[in-house]
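K.L.:
Any chance you can model this:
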Amino acid sequence: MVNQKQVKFSLEEAIARRSSLASGQIVTLATGVFDILHIEHLRFLRRAKQQGDILFVGIERDRRVRQLKGRGRPVNSEMHRAQVISALKSVDCVFLLPDDMEDQAGRERVIQKLKPDIYAVSANTPYLQEKEKIIKKFAGQLRVVHQHNPNISTTKIITAKRNHRRRVRSANI
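P.N.:
Residues are numbered from 1 along each chain as shown. Model prediction:
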């Protein structure tokens, strides 16, 4: 039986939750931005959950999202994104990733401290080979659980919305 779902706002709180789990439970970690939640996010998280007993989801901080995605992102704040992801049935624990995720040492520290058995990623995840090397270093497995669908993404949703507004404005001129 899975313990009560919890939103953890720091890595340290997530680590404490991890250490409270019964031995033998398989812990899966998935990380991401999850800015405007869409069907591909839901599919990815559902498949990540299928890899183990407990699914931890690390949410990228707003500063890191701006670094990765550019000006105007994220659309939704880190706290909003964490609360939305925590509402999903497939997710057991949500935490905000630390600020030092832009370098390998920061990514390694998360894996070392959280000790997931499985690191679930999508086929188009950045740093795929590095993530695999890190998770193996700490006796876990990297699993590609979701294939990239180039037709659906938060960036495409934002672009479509902007294009729609431009068309409406020019039609009203």
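K.L.:
Low-confidence ranges, this protein, go.
P.N.:
The model of the chain has pLDDT under 70 over residues 1-8, 173.
K.L.:
mind listing what F9 touches?
P.N.:
M79, A82, F95, L96 (CB atoms under 8 Å, 6 or more residues apart in numbering). (C-beta placed from N, C-alpha, C; glycine too.)
K.L.:
what's in contact with the longest helix along the chain?
P.N.:
As assigned by DSSP state H, the longest helix anywhere in the chain is helix 154-171. Helix 154-171 is touched from outside by V33, D35, I36, H38, K69, G72, V75, with contacts defined as CB under 8 Å, 6+ apart.
K.L.:
could you measure the last one against I134, distance?
P.N.:
Spelled out, it's V75. 29 Å (CB to CB, to the nearest Å).
K.L.:
of those two, who's got more company?
P.N.:
I134 (20 against 16; other CB atoms under 10 Å).
K.L.:
Just confirm the more buried one is within a strand.
P.N.:
No - per DSSP: H, G, I helix; E, B strand; the rest coil, I134 lies outside any strand segment and is helix.
K.L.:
From R143, how far off is it?
P.N.:
In terms of CB to CB, I134 sits 14 Å off from R143.
K.L.:
Pull out the buried residues from the longest helix of the chain.
P.N.:
Using 16 or more other CB atoms under 10 Å as the test for burial, helix 154-171 gives T154, I158.
K.L.:
So A120: helix, strand or coil?
P.N.:
A120 - assigned by three-state DSSP - is strand.
K.L.:
Quick check, it in contact with I54.
P.N.:
No - look at A120 against I54 with CB atoms under 8 Å: they stay out of range, at 12.0 Å.
K.L.:
Name the residue in those two with the higher neighbour count.
P.N.:
A120 (27 against 21).
K.L.:
Now that one. Nearest residue, chain neighbours left out?
P.N.:
Computed as CB to CB, 6 or more residues apart in numbering, the closest residue to A120 that is not its neighbour in sequence is A48, at 3.6 Å.
K.L.:
What count of nearby residues applies to the one you found?
P.N.:
27.
K.L.:
just use 437 as the starting number from now, easier for me
P.N.:
Got it, first residue is 437 now, which makes that one A484.
K.L.:
Could you pull out the buried residues of the helix or strand containing it?
P.N.:
Counting by DSSP states H and E, the element that carries A484 is helix 475-485. Buried positions in helix 475-485, judged by neighbour count with 16+ other CB under 10 Å: E476, H477, R479, F480, L481, R482, R483, A484, K485.
K.L.:
Tell me the helix or strand right after it.
P.N.:
strand 490-495.
K.L.:
about what we covered before: in strands, which of the contacts of F445 appear?
P.N.:
F531, L532 (DSSP state E).
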